[in-house]
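Engineer: kindly generate the corresponding structure for this input.
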Amino acid sequence: MRTMKAAVFIEPGKIVLDEKPVPKVGFGEALIKVTTTTICGTDIHILKGEYPVASGRIVGHEPVGVIDELGPGVTGYTVGQRVIVGAITPCGQCHTCLDGHHSQCGGKAAGGWRFGNTIDGCQAEYVLVPNAMANLEPIPDGLTDEQVLMCPDIMSTGFGGAESGNIRIGDTVAIFAQGPIGLCATAGAKLKGATRIIVVDGIPERLAMARRLGADLTIDFNKTDPVEEIMRLTNGKGVDVAIEALGTQRTFESCLRVLKPGGVLSSLGVYSGKLTLPVDAFAAGLGDHKIITTLCPGGKERMRRLMNVVAGGRVDLQPLVTHRFRLDQIEQAYDLFANQRDGVLKVAITP
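Structural biologist: Numbering: from 1, shown residues only. Presented below is the predicted three-dimensional model:
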């Protein structure tokens, strides 16, 4: 039996490098040899016990790699081909998928999120891809692993927040939090046609990166009350779209307080504990506000489109990779990322 190194969740506060069997390939599946992956904020929620997964689960959901083996029924691909797979792996055939809600595959909330959640993930030397025909997307020649590393999750999620917010040409948009997903939401808002993008964070390096990716105005919440400042900048009118990219009561409520009547609050955060809706900011339910949540869109067509954006030079997310580790350094990588030291944005993990 072949074995592989993998990052394994043991219990809250403990993810370790361990030896696991290399998965066996079944019908409709593909085995990918992982060449590059990364750590997501959701993995930190798992590490902290804020999102439950089974003990012994291999974590990670952002694979870039090479096809090692194809199961029966998987056609149109070749062993050795470079591919990416989205963090969300829809079956593409259930009623929910066919209704256009791939992230909720199977009719369950977040049902399309399998890697590192309900099946073993990709912070390992190999990962088994379910429903391969719906999820494997070849990487175009000329694109490096790090150029496409953000496509499986944060690029898809951040762009998804801009898309769900229905940003229109000429809109004013506020984005609260400029972590990796918030930064991708900033880039997505720019591509969607927003002409005034206001971002909020408390880390100068992240605000600088936001400007690089398309922000027009930046607010350091350590120095200025962001709600008051955004309302001043909009002459008291509020913004057309507010994007929440952290998952806290404070940022959610702030989004609602800067939103114009009839505006859209696009929520990307993963919340824990209780989330409350302030009645005054909600205009007692009479403000024609729209609140929409987005789970990372997945599937191979989404990956193809995102890689087209990269290949076309519309956005460059490589600068988000601030640190690099080998897989056998995964515990060090988690310690750095979880504690947000040394200006970390994203880490590249190479088996």
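
Engineer: list the contacts for the nearest residue to residue 83 once chain neighbours are set aside?
Structural biologist: Nearest-residue entry for residue 83: residue 136, 4.9 Å, with adjacent residues in sequence omitted and distances by C-beta to C-beta, 6 or more residues apart in numbering. Any C-beta I mention is one placed from the backbone N, CA and C, and that applies to glycine too. Contacts for residue 136 (C-beta atoms under 8 Å, 6 or more residues apart in numbering) come out as 30, 67, 74, 77, 83, 85, 129, 300.

Engineer: so what's the third one up against?
Structural biologist: So that's residue 74. Contacts of residue 74 (C-beta under 8 Å, 6+ apart): 28-30, 132-133, 136.

Engineer: rerun at 6 Å
Structural biologist: Taking C-beta atoms under 6 Å, 6 or more residues apart in numbering as the criterion, residue 74 is in contact with 30, 132-133.

Engineer: circling back: where does the residue nearest to residue 83 fall, phi/psi-wise?
Structural biologist: phi -80, psi 130 (degrees, to the nearest 10).

Engineer: tell me which helix or strand of this structure sits lowest on mean pLDDT?
Structural biologist: helix 41-47 (a mean of 94; mean pLDDT, DSSP states H and E).

Engineer: still on that earlier bit, which ones among the contacts of residue 74 lie within helices?
Structural biologist: Using DSSP state H, the members of those that fall in helices are 132-133.

Engineer: now, which of the contacts of residue 74 sits nearest residue 326?
Structural biologist: Comparing the contacts of residue 74 against residue 326 with C-beta to C-beta places residue 30 closest, at 24.4 Å.

Engineer: okay, and the beta partners of the closest one?
Structural biologist: residue 70, residue 129 (DSSP bridges).

Engineer: tell me the pLDDT of it.
Structural biologist: pLDDT recorded at residue 30 is 98.

Engineer: what of residue 39?
Structural biologist: Reported pLDDT for residue 39: 98.

Engineer: over to residue 57?
Structural biologist: Reported pLDDT for residue 57: 98.

Engineer: adding distance to residue 178, write the contacts of residue 74 out as a markdown table.
Structural biologist: A markdown table is the format used below for these (distance: C-beta to C-beta, whole Å):
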| residue | distance to residue 178 |
| --- | --- |
| 30 | 35 |
| 132 | 35 |
| 133 | 37 |
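
Engineer: in helices, which of the contacts of residue 136 appear?
Structural biologist: Those of the contacts of residue 136 lying in helices (DSSP H): residue 300.

Engineer: need the contacts of residue 136 in a markdown table with distance to residue 321, can you?
Structural biologist: Shown next, in a markdown table, are the contacts of residue 136 (distance: C-beta to C-beta, whole Å):
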| residue | distance to residue 321 |
| --- | --- |
| 30 | 26 |
| 67 | 24 |
| 74 | 30 |
| 77 | 27 |
| 83 | 20 |
| 85 | 19 |
| 129 | 23 |
| 300 | 23 |
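
Engineer: residue 50 - how many residues pack around it?
Structural biologist: 15 (other C-beta atoms under 10 Å).

Engineer: quick check: closest non-adjacent residue to it.
Structural biologist: Residue 50 sits nearest to residue 272 (C-beta to C-beta, 6+ apart), 4.4 Å away.

Engineer: now do the helices in the stretch 251-351 of the chain.
Structural biologist: Here the stretch 251-351 of the chain has its helices, by DSSP state H, counting those that start in this stretch, at 300-311, 330-338.

Engineer: now the ones you listed in TSV, with distance to residue 42?
Structural biologist: What follows is the helices of the stretch 251-351 of the chain, written out as TSV (distance: least, C-beta to C-beta, whole Å):
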stretch	distance to residue 42
helix 300-311	18
helix 330-338	12
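
Engineer: so for residue 266, which of these sits nearest?
Structural biologist: helix 300-311 (17.4 Å).

Engineer: mind exporting that closest one as CSV, just the C-alpha atoms?
Structural biologist: In CSV, the C-alpha atoms belonging to helix 300-311 read as follows (Å, rounded to 0.1, in the frame of the first residue of the first chain):
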residue,chain,number,x,y,z
LYS,A,300,-14.6,23.3,-14.1
GLU,A,301,-16.4,26.0,-16.1
ARG,A,302,-15.9,28.5,-13.3
MET,A,303,-12.2,27.6,-13.1
ARG,A,304,-11.8,28.0,-16.9
ARG,A,305,-13.3,31.5,-16.7
LEU,A,306,-11.1,32.6,-13.8
MET,A,307,-8.0,31.3,-15.5
ASN,A,308,-9.0,33.3,-18.6
VAL,A,309,-9.1,36.4,-16.4
VAL,A,310,-5.5,35.6,-15.3
ALA,A,311,-4.3,34.7,-18.8
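
Engineer: other SSEs contacting it?
Structural biologist: strand 137-138 (3 or more C-beta pairs under 6 Å, 6 or more residues apart in numbering; DSSP states H and E).

Engineer: recalculate using a threshold of 7 Å.
Structural biologist: In terms of contacts (3 or more C-beta pairs under 7 Å, 6 or more residues apart in numbering; DSSP states H and E), helix 300-311 is packed against strand 137-138, helix 145-148.
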